[in-house]
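Visitor: Mind folding the following:
(one chain, ligands or ions: 1)
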Amino acid sequence: MSDRVVPVSLAELERRAASDLRPEADHQGALISCERVVRIFTADGVEVQALRGLDLEVERGELLALVGASGSGKSTLMNILAGLDAPTAGSARVAGFDLVDMDADARLSYRRDVVGFVWQQTARNLFPYLTVRQNVLLPMQLNVGRSRRRGRSRRAARAGELLDLLGVAHCHDRRPDRMSGGEQQCAAIAVALANEPELILADEPTGELESDAAEQVLAAFRTVNEELDTTVVLVTHDRTVASAVRRTVAIRDGLTASEVLRGSAVGDDGAEAVTAREYATIDRSGRLQLPQRFTEALAIGRRVVLGLEHDHITVRPGDGPGGADDPPDTSPAAGNPTPQEAS
Ligand SMILES: Nc1ncnc2c1ncn2[C@@H]1O[C@H](COP(=O)(O)OP(=O)(O)OP(=O)(O)O)[C@@H](O)[C@H]1O
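Guide: The predicted model follows:
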């Protein structure tokens, strides 16, 4: 073997130095991977299980909505994904960062470079005494590592491009109090994007907006997702927003319960129509939550009887009204396993 030293270009050394700043990322797999995430809060000696073993995978480039009743755990999950809080147990990884075991430096690097956040309250997203352009420039100026690589004129150009992309270039020299709520949220998205994060998280970004402004903000998220290929996860109570994205995941009692996938199909008349299908999700332990409206409709109580057919599983009321007189087909010919086997 030869000992000859192969010269390395400056550009290659810079690339290696930049990649050394990040933990080894799995660029093939999901951007977000949560497995059995538990978050327990203790308040006044009482334990609250906000997340009870939640599983969630989000691929790079997705635009995903999280929905769920108040108290179901959405904000808790968002805070964990934002690196503001850590799970009590389970595993949560984003872009190769282990959110459970991050040291302070990794957490800082994660929050600065990997993730951008948009809050519901417009006042929380923008500094009121700075113009919109200054608000967008600030995260770039504070990001010492990247700022060194990106000079003043490139930072200014990026701020201009982002405001343009989000349709608020006309507000660049205004302070937030001279902008509409929708414009403020679009500017907030520009701020969140300043350091080129792979992921934008938004907790109820349209919660304080009228419907026109909410549509403007949703359109801005779509643009970001489609044109910059940034992954977007947003929490919403707004049905219009939830039904306008390709994938909506419902959280119930600290677990992912179901999800709706939307696509498009060409009908017999040749017209393209939006299709939507709801799926129940099965966690890594094989647990499945039955939708409340199903269990209520059949007065299903605490037990169900499962049956395995050749291409589906039946779930019948096992106790309570409507269940007791309806025994399942347990014949060996039907290949029915016990409920334990089925799970
Ligand atoms: N810091 C905390 N201390 C104690 N309990 C908390 C804390 N944060 C959240 N919780 C509790 O955890 C559960 C989940 O709260 P979370 O805010 O994640 O729900 P959510 O789905 O975002 O609700 P909402 O839609 O109302 O914002 C709730 O029971 C809440 O009271």
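Visitor: What parts of this structure come near the ligand?
Guide: 41, 43, 48, 50, 68, 70, 71, 72, 73, 74, 75, 76 (C-beta under 6 Å from any ligand atom). Heads up, the C-betas are built off the backbone N, CA and C, glycines and all.
Visitor: Mind giving me the PyMOL select for these, buried ones only?
Guide: Buried members of the residues of the chain next to the ligand, defined by 16 or more other C-beta atoms under 10 Å, are picked up in PyMOL with:
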select buried, resi 50+68+72+73+74+75+76
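Visitor: so how far is the ligand from residue 193?
Guide: 24 Å (C-beta to the nearest ligand atom, to the nearest Å).
Visitor: my bad, should have said residue 301
Guide: 24 Å.
Visitor: Residue 294: what's it in contact with?
Guide: The neighbourhood of residue 294, defined by C-beta atoms under 8 Å, 6 or more residues apart in numbering, consists of residue 300.
Visitor: and if you look at residue 295?
Guide: So residue 295 contacts nothing (C-beta under 8 Å, 6+ apart).
Visitor: Now do the same for it: helix, strand or coil?
Guide: helix (DSSP: H, G, I helix; E, B strand; the rest coil).
Visitor: follow-up on the earlier one: and the residues of the chain next to the ligand, which two are the farthest apart?
Guide: Maximum pairwise distance among these (C-beta to C-beta): 20.6 Å, between 43 and 68.
Visitor: can you pull up the bridge partners for the most centrally placed residue in the chain?
Guide: Centroid-nearest residue in the chain: residue 233, 3.1 Å away (criterion: C-alpha atoms, centre = their mean). Note on residue 233: beta-bridge partners by DSSP bridges are residue 64, residue 201.
Visitor: shouldn't it be in contact with residue 198?
Guide: No: assessed by C-beta atoms under 8 Å, residue 233 is found out of contact with residue 198, at 11.4 Å.
Visitor: Show me what the lengthiest helix in the chain packs onto, helices and strands only.
Guide: Counting residues, the longest helix in the chain under DSSP state H turns out to be helix 211-227. Here helix 211-227 touches strand 63-67, helix 152-165, helix 181-193, strand 199-203, strand 231-235, helix 239-242, going by 3 or more C-beta pairs under 8 Å, 6 or more residues apart in numbering; DSSP states H and E.
Visitor: what comes up buried for that helix?
Guide: In helix 211-227, counting by 16+ other C-beta under 10 Å, buried: 213, 214, 215, 216, 217, 218, 220, 221, 223, 224, 225.
Visitor: Let me have the residues you listed in a markdown table, extended by pLDDT.
Guide: Below are those laid out as a markdown table (pLDDT from 0 to 100):
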| residue | pLDDT |
| --- | --- |
| 213 | 90 |
| 214 | 91 |
| 215 | 91 |
| 216 | 91 |
| 217 | 93 |
| 218 | 93 |
| 220 | 94 |
| 221 | 94 |
| 223 | 93 |
| 224 | 94 |
| 225 | 95 |
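Visitor: So which of those is the closest to residue 238?
Guide: Of all these, residue 238 sits closest to residue 214, with 6.1 Å by C-beta to C-beta.
Visitor: what's the closest residue to that closest one other than its chain neighbours sitting at in phi/psi?
Guide: With sequence-adjacent residues excluded and distances taken as C-beta to C-beta, 6 or more residues apart in numbering, residue 214 is closest to residue 206, at 3.7 Å. When read as degrees, to the nearest 10, the backbone of residue 206 gives phi -110, psi 10.
Visitor: Residue 275 too?
Guide: phi -110, psi 150.
Visitor: Beta-bridge partners for it, please?
Guide: Under the criterion used (DSSP bridges), residue 275 bridges to residue 263.
Visitor: if I read this right, it contacts residue 263, doesn't it?
Guide: Yes: look at residue 275 against residue 263 with C-beta under 8 Å: they come within range, at 5.1 Å.
Visitor: got the buried residues for stretch 300-308?
Guide: 300, 304, 305, 306, 307.
Visitor: need the strands for this protein, in chain order.
Guide: Under the criterion DSSP state E, the chain contains strands at 32-43, 46-58, 63-67, 89-94, 97-98, 115-118, 199-203, 231-235, 247-252, 255-266, 272-280, 304-308, 313-317.
Visitor: what stretches of this protein score poorly on pLDDT?
Guide: Applying pLDDT under 70 to the chain flags residues 1-28, 144-150, 319-343.
Visitor: if you set the cut-off to 80 instead, what comes out?
Guide: 1-29, 143-151, 284-285, 319-343 (pLDDT under 80).
Visitor: Distance to residue 289 added to the strands of the chain, as TSV?
Guide: Compiled in TSV, these are given as follows (distance: least, C-beta to C-beta, whole Å):
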stretch	distance to residue 289
strand 32-43	15
strand 46-58	11
strand 63-67	14
strand 89-94	18
strand 97-98	28
strand 115-118	28
strand 199-203	23
strand 231-235	19
strand 247-252	6
strand 255-266	4
strand 272-280	7
strand 304-308	12
strand 313-317	12
